[in-house]
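> Predicted model follows, preceded by the sequence.
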Amino acid sequence: MKKQFFIIDTSAILSGKPIRLDNISIVTTPAVSNELSPGGRDFRTFELLKETGLTIRAPSKEAINRVKKTTQETGDDSRLSLADIEIVALAIDINKESDQEATILTDDYSIQNIASTLQIKFQVFSQKGITKKFKWVSRCPGCKKQFNEITKICPVCGTITKSYPLHKKNL
């Protein structure tokens with residue numbers, strides 16, 4: 001039987017919901033740790049989780065690069081923080097081991113989209129999870145030109161672009 005890991009993101013900590021540690025290892029990344037300021041309820045929750053078994057583990061550079069490449073392909077690159085990228089990358093590293101299996105615990109739709117694309121398990125805890133995978137593109141509201149990569153300013157007319165889903169695939 002594979003050793004089970006829950007990888008928690010910042011939203012899991014900020015939710016204030018209890019996270020059970022029974023027979024499952026809980027892990028997060030340095031970037032998630034850095035998003036929590038000392039003091040306050042959320043930081044105390046994080047410290048309590050560390051005292052009861054939460055470990056902090058950095059993902060490999062190879063896994064981070066794979067996640068970044070995938071986010072560029074799906075158009076999620078502008079939607080994910082470094083902490084989000086590290087969460088998905090850590091799941092890749094854990095799943096590389098034949099005796100381990102990772103599940104990302106998150107309510108973040110972009111993390112869910114990338115995890116689904118990379119065939120990584122995820123679980124939601126407060127909100128309804130995604131039901132479709134998205135491929136995002138940029139579109140200029142001025143000249144209507146569409147760009148396959150996320151582009152902030154239209155190179156044709158100079159208007160600020162908007163992101164739109166190009167593909168929606170059922171999970």
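Received the coordinates, thanks.
> show me the contacts for residue 67.
Going by C-beta atoms under 8 Å, 6 or more residues apart in numbering, residue 67 touches 85, 88-89, 92, 114, 118. All C-beta spots, glycine's among them, are computed from the backbone N, C-alpha and C.
> no wait, residue 114
67, 70-71, 74, 76, 80, 88.
> cool, residue 161 as well?
138-141, 147, 151-154.
> could I get the contacts of residue 67 as a markdown table with pLDDT?
Shown next, in a markdown table, are the contacts of residue 67 (pLDDT from 0 to 100):
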| residue | pLDDT |
| --- | --- |
| 85 | 96 |
| 88 | 97 |
| 89 | 98 |
| 92 | 98 |
| 114 | 93 |
| 118 | 95 |
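> Next step: the residues you listed restricted to helices.
Among those, the members falling in helices (DSSP state H) are 85, 88-89, 92, 114.
> Tell me the one among these nearest to residue 27.
Closest approach between the ones in helices among the contacts of residue 67 and residue 27, by C-beta to C-beta: residue 89, at 12.2 Å.
> got a list of what the closest one touches?
Here residue 89 is in contact with 29, 59-60, 63-64, 66-67 (C-beta under 8 Å, 6+ apart).
> swap the cut-off to 7 Å and go again
Applying C-beta atoms under 7 Å, 6 or more residues apart in numbering, we find residue 89 in contact with 59, 63-64, 67.
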